[in-house]
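Trainee: sequence first, predicted model second:
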There are 2 protein chains.
Amino acid sequence: MESLNVIKVGGAIVEDDAALQNLLLRFAALPGLKVLVHGGGRSATRMATQLGIESRMEGGRRITDEETLRIVTMVYGGLVNKNLVARLQACGINALGLTGADAGIILSHRRPPKEILSSEGTSRTVDFGFVGDVDRVDDQVLASFLEQGIVPVIAPLTHDGKGNMLNTNADTMASEVACALSRRFRVTLTYCFELPGVLRNPEDPESLIPRISEEEFHLLKAQGIVSGGMIPKLENAFEAIRRGVEKVVITKADYMDGSLGTHLVQTV
Amino acid sequence: MESLNVIKVGGAIVEDDAALQNLLLRFAALPGLKVLVHGGGRSATRMATQLGIESRMEGGRRITDEETLRIVTMVYGGLVNKNLVARLQACGINALGLTGADAGIILSHRRPPKEILSSEGTSRTVDFGFVGDVDRVDDQVLASFLEQGIVPVIAPLTHDGKGNMLNTNADTMASEVACALSRRFRVTLTYCFELPGVLRNPEDPESLIPRISEEEFHLLKAQGIVSGGMIPKLENAFEAIRRGVEKVVITKADYMDGSLGTHLVQTV
């Protein structure tokens, strides 16, 4: 099987022009087949503020009411996605911007309201609104684009097949796309974020954990060494490995070629 | 050669939910290969107003400064395009939203500032800003999408190949796409707008001109029967016929199958 890179980049990087240009050049330089999945949360929050709309979050996830859905559709699918595509075209990459609705690549359903338990043991119901949980990725159409020399650039939006766009977490999009493409390719999924990988001490880049198994992850979580937003990222990542992704790497955009970072490995 | 419909719809229709649903059903019902090109000017103007940005027009064309470019990229490429795509998917059409940057389908260059002559004979320089004049449409990649059963849904945005998105008139986009695809298909280009076609008397739908040649157009223009925004629309349309488009029809969305409207014919 041919190898393929799925690279996820966060919303923060697209806000900083120098960092973005660096990222795009590194992405353009990656050999072989590749897919870019991007976020855009910060740009969406800024646009919401400009429009006088409050951004409501719950456990780090955006509550997507109708107004917010319009904003994320504009910002993720339009502003961020098209600027990435135009700039990749300028780097000689034949980028094609996609949401889950385009060519029907990612179908989802609206997440039903969820019971959330507080630390005090009380529960309340949270409705995330127009948020989509992924049902199906069409690996065939993505593969046909890749075979045409096209590089998919995927925005964190899906559709429900009934005419509605839905907001979907970008890490989840990357992982779902990577899993689906694992049926056809040897996939490396790389999450780029601000740090060079999972650190024992967030203040010390030298404390990078170069390899981590799922067992070790549970141990580090119990010890409080891995915490916060890194937990769902790693849980997503290990699920991707169980579902057929060959390698998952968590690193900084500078090392998206895998030269540095935390490599997730299957429990032996 | 196989036949293909290129349908252009204005920005007004996407603002009215019932009219839009009617349009989408009619578009979905069209047999054979098809492409949809859409506008979105009214949505862009409304978004600009909400963001406190003034919309400046010159002869009916938007002046696109940096802020306005961000807005049209969001609104045309994100909000309008993705909602059309999601709704077409719900009608069973495998729609793929595209700007000129996506898969490099339409390359343009920024329009240089132009001398504009006033009716008093004085001249002034107008800079339309980030507006793109089309250089090249990649009919090969569009044809490959069509062969895969994909229906391109094209937003009025292009790119300059240097990393910049540019704002391009939707009528022009439709005509350029239709001309390029005429190399491979027998193309009918249909402009949908508020009226059933070119009328001798705008107040009277019965005064529809069913067929018009370029000679007759110049006569009607001299007589003042054709005026205003219809002039550039017809000029564009006759140019498309000279460049290989088989048929051009100007009509209302209700008659996009060509059952009613003004059919443009070559001067015999």
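Mentor: Perfect, I can see it now.

Trainee: give me phi/psi at residue A:91?
Mentor: With angles defined as degrees, to the nearest 10, residue A:91 sits at phi -90, psi 10.

Trainee: what's near enough to touch it?
Mentor: Counting by Cβ atoms under 8 Å, 6 or more residues apart in numbering or on different chains, residue A:91 makes contact with A:24-25, A:28. (C-beta placed from N, C-alpha, C; glycine too.)

Trainee: could those go into CSV alongside pLDDT and distance to chain B?
Mentor: Formatted as CSV, these follow (pLDDT from 0 to 100; distance: Cβ to the nearest Cβ, whole Å):
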residue, pLDDT, distance to chain B
A:24, 95, 9
A:25, 95, 12
A:28, 97, 12
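
Trainee: now list the buried members of these.
Mentor: A:24, A:28 (16 or more other Cβ atoms under 10 Å in any protein chain shown).

Trainee: of the contacts of residue A:91, which belong to helices?
Mentor: Cross-referencing those against helices under DSSP state H gives A:24-25, A:28.

Trainee: and the residue in the stretch 151-268 of chain A positioned nearest to chain B, what pLDDT?
Mentor: Using Cβ to the nearest Cβ, residue A:163 is the residue of the stretch 151-268 of chain A that sits closest to chain B, at 3.7 Å. pLDDT recorded at residue A:163 is 97.

Trainee: skipping its backbone neighbours, what lies nearest residue A:158 in space?
Mentor: Using Cβ to Cβ, 6 or more residues apart in numbering or on different chains and skipping the chain neighbours, the partner closest in space to residue A:158 is residue A:100 (3.3 Å).

Trainee: OK, contacts around that neighbour?
Mentor: Counting by Cβ under 8 Å, 6+ apart, the residues that residue A:100 touches are A:106-108, A:132, A:134, A:154, A:157-159, A:166, A:168, A:173.

Trainee: cool, and residue A:157?
Mentor: A:72-73, A:76-77, A:99-101, A:165-168, B:82.

Trainee: pairing partners for it in the sheet, please.
Mentor: Counting by DSSP bridges, residue A:157 is bridged to residue A:167.

Trainee: what does whatever helix or strand residue A:88 lives in contact?
Mentor: Using DSSP states H and E, residue A:88 maps to helix A:81-90. By Cβ under 8 Å, 6+ apart, the surrounding residues in contact with helix A:81-90 are A:14, A:20-21, A:24, A:27-28, A:36, A:38, A:95-97, A:99, A:151, A:153, A:155, B:73, B:77-78, B:99, B:101-102, B:104, B:157, B:159, B:161-165.

Trainee: what number of residues lie near residue A:143?
Mentor: By the measure other Cβ atoms under 10 Å in any protein chain shown, the count of residues near residue A:143 is 18.

Trainee: the residue nearest to it when sequence neighbours are not counted: what secondary structure?
Mentor: Excluding the flanking residues, the one nearest residue A:143 by Cβ to Cβ, 6+ apart is residue A:184, at 5.3 Å. With DSSP: H, G, I helix; E, B strand; the rest coil as the basis, residue A:184 sits in coil.

Trainee: got the contact list for residue A:184?
Mentor: If you count contacts by Cβ under 8 Å, 6+ apart, then residue A:184 has A:1, A:139, A:143 around it.

Trainee: separation between the last one and chain B?
Mentor: Distance from residue A:143 to chain B, counting by Cβ to the nearest Cβ, to the nearest Å: 11 Å.

Trainee: same question, the first one
Mentor: Counting by Cβ to the nearest Cβ, the separation of residue A:1 from chain B is 22 Å.

Trainee: who touches that residue in this structure?
Mentor: A:184-186.

Trainee: that one and residue A:34, how far apart?
Mentor: Relative to residue A:34, residue A:1 is positioned 15 Å away (Cβ to Cβ, to the nearest Å).
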